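Engineer: Give me a 3D structure for the following:
(one chain, ligands or ions: 1)
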Amino acid sequence: MRTTLIALAALLAPSPALADTLIDNINGVQVDADGKIDRFAAILVGDDGKVKKIWSAGPKPTGATKVIDGRGRTVLPGLIDAHGHVMALGFTALQLDLTGTTSLADLQARLKAYAEANPNARWILGRGWNQELWADKRFPTSADIDAVVGDRPVWLGRVDGHAAVANSAAIQAAGFSLNTQAPSGGRIENGLFVDNAMSLIESKIPAPTPAEQDAALEAAQQLMLANGLTAAADMGTGPEEWAAMNRAGQAGALNVRILSYAGGIPGMRAINGGKPSAWLYGDRLHLGGVKLYADGALGSRGAWLKQPYADKPDTHGLQFLSDAQMLEQAKAAAAGGYQLAIHAIGDAANAQVISTYEKLSATYGKDRRWRIEHFQIVDPADIPRLKPAGIIASMQPTHQTSDRLMAEARLGPDRLKGAYAWQTVEKLGIPIAFGSDFPVESPNPFPGLAAAISRQDMNGQPPGGWLPEERVSLAQALAGFTRGAAYAGFAEDRIGSLEPGKWADFIVVDTDPSKGAPALARTQVLETWIAGKKVWEKPPSPAGAERGR
Ligand SMILES: [Zn+2]
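Structural biologist: Next up is the predicted model:
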């Protein structure tokens, strides 16, 4: 694998330029330091891969400078996904894809085909089903899976990653039965394992080999580059994942930039000797934070709510940590010099995390850029607490378009005021970072940018946008996927805009982003450049195989 990675790196990296490179005649669009759209026509890139100068007009350098004619095409800074799962993206690409299944029968048919195509897979792993898209909305059971595959373990995750169904062989291989008691913070129903119960099975799945890890990382990088992502925050890096990222970095095969957040306190202690890392491999890898969880997700009713679920009044969802536990874990990370990124979906979880950060800010000061991941369902009374405590809202626009109907069902109409409240957050001056939560959603950032300005999905639904007062401007949306995402990763002096001294990470696309949401959502990436080198180009023939789902 090492040899393959080196060969691939050699293939992708053009020989070093002997002079500065002028990328001229482009329709450049980015967000300036004041949050306004800034248009530019040329970029001068130094031999070190960093921007030397950008021009909107005026005389350009001559002489030793190599000139590339951009032919008037649109150029954006490389987009940054502020919340993704890099290795999971790669493994998902290599696993059984169940996104968009229209019924249980559809899921069963895809499982059967995959099992036949992969006779040697010890376990069959899949992900992406969503019973909300099925006519009867019934969760799948062990018996449903046994009917298709009985000879090997099968483990199929829900689209949000907060529930999975196991067949009997998987439950048996893990040493459990259908009557096994779920651990606290989890639930087991007819072979459906929810939130904390999932680890009962997951901990027994044979670990991927280093070669499988390397293949997954390479698959993830290709998907990111093809979708115009030059960097991503990796939310919950594990020790083996960190090792794979370092192998790629050492082999010169790490193209994208990964801002790593260790998975929990055990992950923090297991990675990099228990300390944040330096910026490694030409700023392509950095461990700067720790990811914790306050609750589960809304789809599986694991999000922790202040009031009971509207569609299941006997539950408030799942609280993962007591206030004391959360504070203790957060303090352990903060004292070690880490940034914190805490997952909070429900309004009770968000309130708990805000209170935790308020206490931390009193001890550690405010420029620690505490992050709340998702910040999805929030009590409007709690939102103004973010700015004084120096908290960043890290949100995923495509979650809103995917979750809209489900959120209405879970919360009822009266509790949607602080849901996916991007503009409310903007107006309060709270820093925003946008992402996709890939592979929960497609890594393609363009539907996210379009959702941010329209509150509509790819099909223009609903007309006029969902809670349209929460739309943001194009500049705000673009900032969320560039400057804002860089700031949220303490990387704004390196990436997030094309300015002198920052890396020349940029993408060439087929559409000017100001053309409106429907066109923006369908934008195609033509080329992806990192550190002044072209590392991906759209294949000439039948368009778009690599693009997101
Ligand atoms: Zn996530």
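Engineer: how about whatever residue of the stretch 201-350 of the chain ends up closest to the ion, secondary structure?
Structural biologist: The ion sits closest to residue 235 of the stretch 201-350 of the chain, with a gap of 4.9 Å, by CB to the ion. (Glycine included, C-beta is placed from N, CA and C.) With DSSP: H, G, I helix; E, B strand; the rest coil as the basis, residue 235 sits in strand.
Engineer: And the pLDDT at it?
Structural biologist: Looking at residue 235, its pLDDT stands at 98.
Engineer: How about residue 319?
Structural biologist: 96.
Engineer: Likewise for residue 300?
Structural biologist: 87.
Engineer: got the residues of the chain near the ion?
Structural biologist: Within the chain, the positions near the ion by CB under 5 Å from the ion are 235, 437.
Engineer: any low-confidence regions in the protein?
Structural biologist: 1-18, 366, 542-549 (pLDDT under 70).
Engineer: give the contact list for residue 455.
Structural biologist: Shown in contact with residue 455 (CB atoms under 8 Å, 6 or more residues apart in numbering): 400-401, 465-468, 470-471.
Engineer: Name the residues linked to the residue positioned nearest the centre of the chain by a beta bridge.
Structural biologist: By CA atoms, centre = their mean, the chain has its centre lying nearest to residue 84, at 2.1 Å. Per DSSP bridges, the residues bridged to residue 84 are residue 234.
Engineer: buried ones in the helix or strand containing residue 328?
Structural biologist: If you go by DSSP states H and E, residue 328 is part of helix 323-335. With burial defined by 16 or more other CB atoms under 10 Å, the residues of helix 323-335 counted as buried are 326-327, 329-331, 333-334.
Engineer: Give me the nearest residue to whichever residue of the chain sits closest to the ion, chain neighbours excluded.
Structural biologist: Per CB to the ion, residue 437 is where the chain lies closest to the ion, at 4.4 Å. The spatially closest residue to residue 437, leaving aside those adjacent along the chain, is residue 396, at 4.7 Å (CB to CB, 6 or more residues apart in numbering).
Engineer: Identify the residues contacting that neighbour.
Structural biologist: Per CB under 8 Å, 6+ apart, neighbours of residue 396: 83, 374, 434-437, 441, 448.
Engineer: Repeat the analysis, applying 6 Å as the threshold.
Structural biologist: Residue 396 makes contact with 435-437, according to CB atoms under 6 Å, 6 or more residues apart in numbering.
Engineer: how close does it get to residue 440?
Structural biologist: Distance, residue 396 to residue 440, using CB to CB, to the nearest Å: 8 Å.
Engineer: for residue 278, same thing?
Structural biologist: Relative to residue 440, and taking CB to CB, residue 278 is found at 30 Å.
Engineer: before we move on, what about residue 246?
Structural biologist: Here the criterion is CB to CB. By it, residue 246 lies 25 Å from residue 440.
Engineer: More neighbours: which of those two?
Structural biologist: Taking neighbours as other CB atoms under 10 Å, residue 246 and residue 440 compare with residue 440 leading, 26 against 17.
Engineer: Please list all residues in contact with that one.
Structural biologist: Contact analysis of residue 440 by CB under 6 Å, 6+ apart lists 160-161.
Engineer: and residue 519, which of the three is it?
Structural biologist: helix.
Engineer: For the residue of the stretch 201-350 of the chain closest to the ion, list the residues it contacts.
Structural biologist: With CB under 6 Å, 6+ apart, residue 235 has these contacts: 83, 261, 291.
Engineer: repeat that with 7 Å
Structural biologist: The neighbours of residue 235, taking CB atoms under 7 Å, 6 or more residues apart in numbering as the test, are 83-85, 261, 291, 341, 373.
Engineer: Just the buried residues of those.
Structural biologist: 83-85, 261, 291, 341, 373.
Engineer: in the stretch 201-350 of the chain, which spans are helices?
Structural biologist: For the stretch 201-350 of the chain, the helices defined by DSSP state H, counting those that start in this stretch cover 210-226, 239-250, 264-270, 323-335, 347-364.
Engineer: can you list contacts of the longest one?
Structural biologist: Helix 347-364 is contacted from outside by 294-295, 303-306, 316, 323, 326-327, 330, 334, 342, 344, 370, 372, 375, 377-379, 382, 385-386, 389-391, 418, using CB under 7 Å, 6+ apart.
Engineer: From these, list the buried ones, please.
Structural biologist: 294-295, 303-306, 316, 326-327, 330, 334, 342, 344, 370, 372, 375, 377-379, 382, 385-386, 389-391, 418.
Engineer: Can you say which of the contacts of residue 455 are buried?
Structural biologist: Buried, going by 16+ other CB under 10 Å: 400-401, 465-467, 470-471, out of those.
Engineer: mind listing which of those residues are in helices?
Structural biologist: If you go by DSSP state H, the buried ones among the contacts of residue 455 have 400-401 in helices.
Engineer: could you pull out the helices for the stretch 401-549 of the chain?
Structural biologist: 422-427, 445-454, 474-480, 483-488, 517-521.
Engineer: ok and the second one relative to helix 210-226, angle-wise?
Structural biologist: Counting by axes from the mean of the first three to the mean of the last three CA atoms, to 10 degrees, helix 445-454 lies at 50 degrees to helix 210-226.
Engineer: circling back: right, so of the helices of the stretch 201-350 of the chain, which gets closest to residue 535?
Structural biologist: helix 210-226 (6.0 Å; CB to CB).
Engineer: For the closest one, enumerate the helices and strands it packs against.
Structural biologist: In terms of contacts (3 or more CB pairs under 7 Å, 6 or more residues apart in numbering; DSSP states H and E), helix 210-226 is packed against helix 86-94, helix 239-250, strand 533-537.
Engineer: Let me know which of the ones you listed is tucked in deepest.
Structural biologist: Comparing those by mean neighbour count (mean count of other CB atoms under 10 Å), helix 86-94 comes out on top with a mean of 23.
Engineer: And for that one, what's in contact with it?
Structural biologist: Residues contacting helix 86-94 (CB under 7 Å, 6+ apart): 127, 213, 215-217, 219-220, 223, 232, 234, 241, 244, 258, 438-439, 443.
Engineer: gap between that helix and the chain center?
Structural biologist: 12 Å (CA atoms, centre = their mean, to the nearest Å).
Engineer: Using CSV, write out the CA atom coordinates for it.
Structural biologist: Coordinates of the C-alpha atoms in helix 86-94 are reproduced here as CSV (Å, rounded to 0.1, in the frame of the first residue of the first chain):
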residue,chain,number,x,y,z
VAL,A,86,-12.8,11.4,7.1
MET,A,87,-12.1,7.7,7.6
ALA,A,88,-15.9,6.9,7.9
LEU,A,89,-16.3,8.7,4.6
GLY,A,90,-13.7,6.3,3.0
PHE,A,91,-15.0,3.2,4.7
THR,A,92,-18.6,4.1,3.7
ALA,A,93,-17.5,4.5,0.1
LEU,A,94,-16.2,0.9,0.3
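Engineer: Can you show me the strands along the stretch 151-300 of the chain?
Structural biologist: 154-158, 163-166, 186-189, 192-195, 229-237, 257-263, 285-293 (DSSP state E, counting those that start in this stretch).
Engineer: so the fifth one versus strand 285-293, what angle?
Structural biologist: Computed by the same axes, to 10 degrees, the angle separating strand 229-237 from strand 285-293 equals 50 degrees.
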